[in-house]
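A.B. asks: structure for this input, please:
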Amino acid sequence: MRFINPKTDFAFKKIFASAQSKGILISFLNAILYEAQPVIQDIDILDPYQAPQLKGMKDSFLDVKAQITGNRTVIIEMQVLNVLGFEKRVLYNAAKAFSIQLDAGEDYARLNPVIALTITDFEMFPDSSKVISRFGLKEKEELTDYNDDIELVFVELPKFNKPLDALVTITDKWIYFIKQAESLEVVPESFSSIPSMEQAFHIAEVSNLSREELDIFERKQMFLHDNRNAFLKATQIGVQQGLEEGRQQGLQQGLQQGLQEGLQQGRRLQAEAIARSLLDVLDPETISQTTGLSIAEIERLRP
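C.D. replies: Modelled structure (predicted):
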């Protein structure tokens with residue numbers, strides 16, 4: 001068996017946002033957002049296109065957008081490359097999903113909470129070891145909650161390192177599925193007992209794709225591969241340029257330091273030569289004032 005890579009946008013949308021994905025998405029969101037508690041009972045998968053209501057605002061496209069129990073909106077994005085400004089894009093999309101709920105003239109009280117769930121194939125917060133991080137609006141010093149109208153949730157795949165035989169919770173299993181499904185050859189036994197996960201594997205099985213879907217998947221894989229290589233190449237070039245600039249800067253600093261030290265040494269030798277020529281003419285105190293050498297240094301110059 002071969003499975004498509006859930007980290008590509010095509011595969012992620014097919015698994016979690018297709019017509020047969022309702023139960024899969026409920027299970028996944030309950031696992032990630034609510035520690036597998038059945039908080040979400042129902043869900044409506046929405047059009048992920050976010051059209052701006054104000055002139056000048058940017059359009060935005062999400063991987064999945066859904067309305068869940070309690071009239072909350074969840075927007076989901078799977079991101080493989082850590083592109084410039086990505087953290088601001090997450091916040092922008094969350095704010096837009098919150099604001100576009102209202103039409104002109106409608107009351108702000110009609111606004112419902114938005115959860116922005118972002119899954120990354122890179123580390124967003126290298127100073128933290130947490131796989132799942134949650135952010136909300138709080139007072140800076142006392143950490144008093146402002147409200148929960150906008151919540152940012154991040155799942156950092158590189159920080160999840162549990163092997164298959166160490167998976168205990170369904171949360172672990174969903175994260176493992178997203179990170180490792182492509183490398184598996186069979187559905188793990190511990191996954192097949194969970195209907196939503198078994199269905200996710202069924203959708204992800206390459207043999208179940210149409211010829212058109214397989215072509216799209218392969219082109220997405222190639223695009224992702226090329227972009228990752230381009231990113232790595234750009235990083236290598238940047239490092240090399242940085243090293244070269246550092247080397248040149250180091251050489252320049254070395255030359256400047258050497259010149260400064262040479263001048264200082266030259267001045268000292270000159271002062272000592274003058275002092276020697278005055279040893280039989282002037283007293284040490286006067287020679288010291290003339291050359292800048294200490295009296296002890298002058299005495300050491302005597303034969």
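
A.B. asks: can you give me the strands in the chain?
C.D. replies: In the chain, the strands defined using DSSP state E lie at 43-46, 49-50, 60-61, 64-68, 72-79, 114-120, 132-138, 145-156.

A.B. asks: residue ranges of the helices in the stretch 201-303 of the chain, please?
C.D. replies: Counting by DSSP state H, counting those that start in this stretch, the stretch 201-303 of the chain has helices at residues 211-278, 284-291, 295-300.

A.B. asks: which parts of the shortest one are buried?
C.D. replies: Judged by neighbour count (16 or more other C-beta atoms under 10 Å), helix 295-300 contains these buried residues: 297-298. (C-beta placed from N, C-alpha, C; glycine too.)

A.B. asks: pLDDT on that helix, on average?
C.D. replies: Here helix 295-300 scores 84 as its mean pLDDT.

A.B. asks: show me what that helix is in contact with.
C.D. replies: 272, 275, 279, 284-285, 287-288, 291 (C-beta atoms under 8 Å, 6 or more residues apart in numbering).

A.B. asks: for PyMOL, what selects the buried ones among these?
C.D. replies: Selection of buried members from the contacts of helix 295-300 for PyMOL, criterion 16+ other C-beta under 10 Å:
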select buried, resi 272+275+284+287+288+291
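
A.B. asks: need the max-distance pair from the contacts of helix 295-300.
C.D. replies: Glu272 and Glu285 (16.9 Å; C-beta to C-beta).

A.B. asks: flag the shaky bits of the stretch 101-250 of the chain, pLDDT-wise.
C.D. replies: 104, 223-250 (pLDDT under 70).

A.B. asks: with the contacts of helix 295-300 in mind, which one is nearest to Ala17?
C.D. replies: Glu272 (83.5 Å).

A.B. asks: ok, for that closest one, nearest residue in space, not its chain neighbours?
C.D. replies: Closest residue to Glu272 apart from its sequence neighbours, by C-beta to C-beta, 6 or more residues apart in numbering: Leu301 at 6.1 Å.

A.B. asks: relative to Arg276, how far out is that neighbour?
C.D. replies: 5 Å (C-beta to C-beta, to the nearest Å).

A.B. asks: and if you look at Arg302?
C.D. replies: 9 Å.

A.B. asks: so for these two, which residue has more residues nearby?
C.D. replies: Taking other C-beta atoms under 10 Å, Arg302 and Arg276 do not tie; Arg276 has more neighbours (15 against 10).

A.B. asks: separation between the more buried one and Ser294?
C.D. replies: In this view, Arg276 and Ser294 are 15 Å apart by C-beta to C-beta.

A.B. asks: what's the neighbour count on Asp107?
C.D. replies: There are 7 residues near Asp107, going by other C-beta under 10 Å.

A.B. asks: now do the phi/psi pair for it.
C.D. replies: phi -80, psi 140 (degrees, to the nearest 10).

A.B. asks: now do Pro126
C.D. replies: Dihedral angles (degrees, to the nearest 10) for Pro126: phi -60, psi -20.

A.B. asks: got a list of what the most centrally placed residue in the chain touches?
C.D. replies: The centre of the chain sits closest to Met124, judged by C-alpha atoms, centre = their mean, with a distance of 2.8 Å. For Met124, the contacting residues are 82, 87, 118, 133, 154, 156, by C-beta under 8 Å, 6+ apart.

A.B. asks: just the buried residues of these.
C.D. replies: Judged by 16+ other C-beta under 10 Å, buried ones among the contacts of Met124: 118, 154, 156.

A.B. asks: residues in contact with the last one?
C.D. replies: Counting by C-beta under 8 Å, 6+ apart, Glu156 touches 120, 122-125, 130-131, 133.

A.B. asks: quick one: which two of those residues are the most distant?
C.D. replies: Between any two of the contacts of Glu156, the greatest separation by C-beta to C-beta is 14.9 Å, found for Phe122 and Lys130.

A.B. asks: show me the helices in the stretch 1-150 of the chain, by range?
C.D. replies: 9-17, 22-33, 86-99.
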